[in-house]
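S.K.: Predicted coordinates and the sequence they were generated for:
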Amino acid sequence: MAKGILKVKAKAAGDKTKVKLMAKHIMETGLRTDKKTGEKIPEMYLKELKVMHGGKEVFAANMGTAVSKNPYFAFNFAGGAKGDELTMTWVESTGKTATETAKIK
């Protein structure tokens, strides 16, 4: 399996879990022109990101072309314990999709 695009730090603290997540992605709008070729650079950005814990959605983001390269998200949710797993699914504007996992520390 190829290495994913998401870097995740999740830490259980009391009755909450704090999550910091960065997507390593170019987030290309499709509006820029390649200076060497003069051709438009095709759009390629993350459209959706969902984070699940224990079968429940704890975070969701719908993104567009205005989101910068390598988007960063930080959020808390109730519950979660050390060793639990988060499941993150993302969808790209090209139709590509993937699911990644991370453990809560």
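M.R.: The structure has been received and is ready for your questions. Numbering: from 1, shown residues only.
S.K.: can you count the residues close to the nearest residue to Pro42 once chain neighbours are set aside?
M.R.: In space, and not counting its chain neighbours, Pro42 is closest to Gly30: 5.9 Å by Cβ to Cβ, 6 or more residues apart in numbering. For glycine as for every other residue, the C-beta is placed from the backbone atoms N, C-alpha and C. Neighbours of Gly30 under the rule other Cβ atoms under 10 Å: 12.
S.K.: Show me the shaky parts of this structure.
M.R.: The chain contains residues with pLDDT under 70 at 1-3.
S.K.: Strands along that one, start to end?
M.R.: 6-13, 16-23, 46-53, 56-62, 72-78, 85-92, 97-103 (DSSP state E).
S.K.: got the contact list for the first one?
M.R.: When contacts are taken as Cβ atoms under 8 Å, 6 or more residues apart in numbering, the neighbours of strand 6-13 outside the stretch itself are 17-24, 80-82, 84, 86, 88, 90, 100, 102-105.
S.K.: Now the buried members of these.
M.R.: 17, 19, 21, 23, 80, 84, 86, 88, 90, 100, 102, 104 (16 or more other Cβ atoms under 10 Å).
S.K.: quick one: contacts for the fifth one?
M.R.: The one in question is Gly80. By Cβ under 8 Å, 6+ apart, the neighbours of Gly80 are 10, 12, 16-17, 53, 104.
S.K.: just curious, which of those is nearest to Asn70?
M.R.: Ala10 (18.4 Å; Cβ to Cβ).
S.K.: The residue nearest to Pro42 and Ala102, how far apart?
M.R.: 30 Å (Cβ to Cβ, to the nearest Å).
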